[in-house]
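>>> attaching a predicted model along with its sequence, questions to come.
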Amino acid sequence: MSFRTRRLVEFRDTDAAGIVHFSAFFPWMESAEHEMLRSLGIKVLPDSHDDPSVTWPRVSVGCDYANAARFEDWLEIEVSVVKIGRSSIRYEVAFSRQDKGGGIVPVAKGTTVVVCCRLRPGGGLEKAMIPDEIRAKLESV
Ligand SMILES: CC(C)(COP(=O)(O)OP(=O)(O)OC[C@H]1O[C@@H](n2cnc3c(N)ncnc32)[C@H](O)[C@@H]1OP(=O)(O)O)[C@@H](O)C(=O)NCCC(=O)NCCSC(=O)c1cc(O)c2ccccc2c1O
């Protein structure tokens with residue numbers, strides 16, 4: 001299973017060549033992941049340093065680009081949880097669009113690795129084991 005969402009390419013997402021700039025995909029990957037967490041009832045961010053909820057800093061991100069996307073293309077975005085470790089989670093985010101004939105065109109595939117952390121007083125990050133309740137929710141994606 002996976003989580004699906006979609007997004008319209010805005011003018012500001014494109015570069016001088018008229019195609020989506022490589023950097024635009026990273027905020028989209030992040031937004032889609034957050035949307036998936038919210039849909040599962042997992043907090044994206046603790047409310048305060050006193051809140052024992054966990055937080056999800058990234059330790060690795062990447063993206064491969066297969067075909068260009070352009071202004072006003074609708075991008076289909078599919079988030080998959082590909083690996084749940086002790087503290088880390090690897091997500092894959094696949095972007096695709098339709099061609100004029102309605103065929104599916106792969107656009108890009110990103111990966112993100114996040115680490116479950118607690119916020120130390122003062123704002124530092126401390127790695128934590130993924131809580132069982134969150135692990136179970138992520139295993140359902
Ligand atoms: C996060 C750290 C505190 C972890 O340090 P530590 O030394 O304890 O980590 P380990 O080396 O033991 O690794 C833990 C875990 O991760 C796996 N891992 C580590 N590096 C990689 C890698 N490069 N690739 C793949 N996997 C990696 C490792 O195998 C372990 O896996 P297990 O499952 O076996 O436990 C420390 O690394 C740190 O502080 N890093 C800096 C983090 C940072 O500043 N990131 C950039 C900004 S974060 C950010 O932008 C951000 C975005 C969001 O959307 C958020 C959303 C919600 C909350 C927070 C967000 C956020 O912060």
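Nice, thanks for sending it over.
>>> what's the burial count for Pro27?
10 (other CB atoms under 10 Å). Every C-beta, even on glycine, is put in place using the N, C-alpha and C of the backbone.
>>> tell me which element it is part of?
Secondary structure from DSSP states H and E places Pro27 in helix 25-39.
>>> packing partners for that helix?
Applying 3 or more CB pairs under 8 Å, 6 or more residues apart in numbering; DSSP states H and E, one finds that helix 25-39 makes contact with strand 3-8, strand 58-65, strand 74-84, strand 88-98, strand 104-115.
>>> that one and the ligand, any residue contact?
Yes: using CB under 6 Å from any ligand atom, helix 25-39 reaches the ligand at Glu30.
>>> any idea which residue of the protein is furthest from its center?
Gly101 (28.6 Å; CA atoms, centre = their mean).
>>> would you list the phi and psi of that one?
phi -90, psi 0 (degrees, to the nearest 10).
>>> how close does it get to the ligand?
Distance, Gly101 to the ligand, using CB to the nearest ligand atom, to the nearest Å: 36 Å.
>>> sorry, back to before: dump the helices and strands packed on helix 25-39 into JSON lines; add distance to Glu33, mean neighbour count and mean pLDDT as well.
Below are those laid out as JSON lines (distance: least, CB to CB, whole Å; neighbours: other CB atoms under 10 Å; pLDDT from 0 to 100):
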{"stretch": "strand 3-8", "distance to Glu33": "9", "mean neighbour count": "14", "mean pLDDT": "98"}
{"stretch": "strand 58-65", "distance to Glu33": "10", "mean neighbour count": "13", "mean pLDDT": "98"}
{"stretch": "strand 74-84", "distance to Glu33": "6", "mean neighbour count": "17", "mean pLDDT": "98"}
{"stretch": "strand 88-98", "distance to Glu33": "6", "mean neighbour count": "20", "mean pLDDT": "98"}
{"stretch": "strand 104-115", "distance to Glu33": "7", "mean neighbour count": "18", "mean pLDDT": "98"}
